[in-house]
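Undergrad: Need a 3D model of the following:
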Amino acid sequence: MEKYQEIERSIIKKYRKDIWSKFVKAVKEYELIKENDRVMVCISGGKDSFLLAKCIQELKRHSEILFDAYYVVMNPGYTEKNRDAILENARLLNIPIEMFDSDIFEVVNTVASKSPCYLCARMRRGYLYNKAKELGCNKIALGHHFDDVIETTLLSMLYGAEIKTMMPKLHSENFSGLELIRPLYLIKEKDILSWCKGNNLQFLNCACKFTEKSDTDREATSKRKEIKELIDNLRKINKEVDHNIFKSLDNINLNCVLGVKKDGEYTSFLRNYDN
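TA: Take a look at the predicted model:
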């Protein structure tokens, strides 16, 4: 049995409960992939996106749903070492990737060297949407997982003063007919790490040249890292705390909130209080 076949088997067998079943549940529950979809799977080089690609491959192999998948790596200006690492992992995992180049790192370094992450993310999204259009795809799959969802929720509450989260799917506002999906939505990061360790896989933590330059400083001041540590500490008190944060987003009692906002319009509880 080839190495990639062992890795595929582990997803279906050893990690069936924590990875495969949750992946399939998210696809079905949130209706992420449907008949005749053309899905562009975005691979950044990290553990999450590579696991996503393998799960999509397995879904194509085992599901009755007929859909097409394209595995794409957008190279924003990776170092040769990081680029080669991504290509080697794709070969090891038997993922037929297409890599295309962009000048994102060069542009960001020129115009936004002090705070590059926001501009980089926006430019990446634009390049990926354009590539999906070029391939004739109607969906773009990203590797965000369960922990990303609850961390985003708390970041919004504690630093944005609003309750909102990372959705399992959403329509593109600027590219008509394109939809963004997150099939790893229910999978916990610890289980992805376990899958990597169990298969002796090593992926890039971050292939960005900016964070490589000042990783220590960025790590120390990262709000997401702060939230991750907060959740870890809360989990020591209540092991279900991450599940409860997640579930609360699907269980909002509108009778007990001060106000809600939809499409930019705010409605106070006072509007219908006396009715």
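
Undergrad: CA atoms for contacts and neighbours, from now on please.
TA: Will do.

Undergrad: Counting by contacts, list what the helix or strand harbouring residue 7 packs against.
TA: Remark: residue 7 resides in helix 3-12, with elements defined by DSSP states H and E. The helices and strands touching helix 3-12, judged by 3 or more Cα pairs under 8 Å, 6 or more residues apart in numbering; DSSP states H and E, are helix 47-62, helix 80-93.

Undergrad: how about a cut-off of 10 Å?
TA: Secondary structure elements in contact with helix 3-12, counted by 3 or more Cα pairs under 10 Å, 6 or more residues apart in numbering; DSSP states H and E, are helix 47-62, helix 80-93, helix 189-198.

Undergrad: Going along the chain, name the strands of the stretch 151-275 of the chain.
TA: 169-171, 179-181, 259-262, 265-268 (DSSP state E, counting those that start in this stretch).

Undergrad: quick revisit: go through the helices and strands packed on helix 3-12 and name the closest to residue 253.
TA: Taking Cα to Cα, helix 189-198 is the member of the helices and strands packed on helix 3-12 nearest to residue 253, at 28.7 Å.

Undergrad: can you give me the offset of that closest one from its chain's centre?
TA: Between the mean C-alpha location of helix 189-198 and the chain-wide mean there is a distance of 16 Å, by Cα atoms, centre = their mean, to the nearest Å.

Undergrad: Check stretch 261-270 too.
TA: Chain-centre distance of stretch 261-270: 29 Å, with Cα atoms, centre = their mean.

Undergrad: what's in contact with stretch 248-258?
TA: Residues from elsewhere that reach stretch 248-258, judged by Cα atoms under 10 Å, 6 or more residues apart in numbering: 150, 153, 163, 164, 165, 244, 260, 267, 268, 269, 270, 273.
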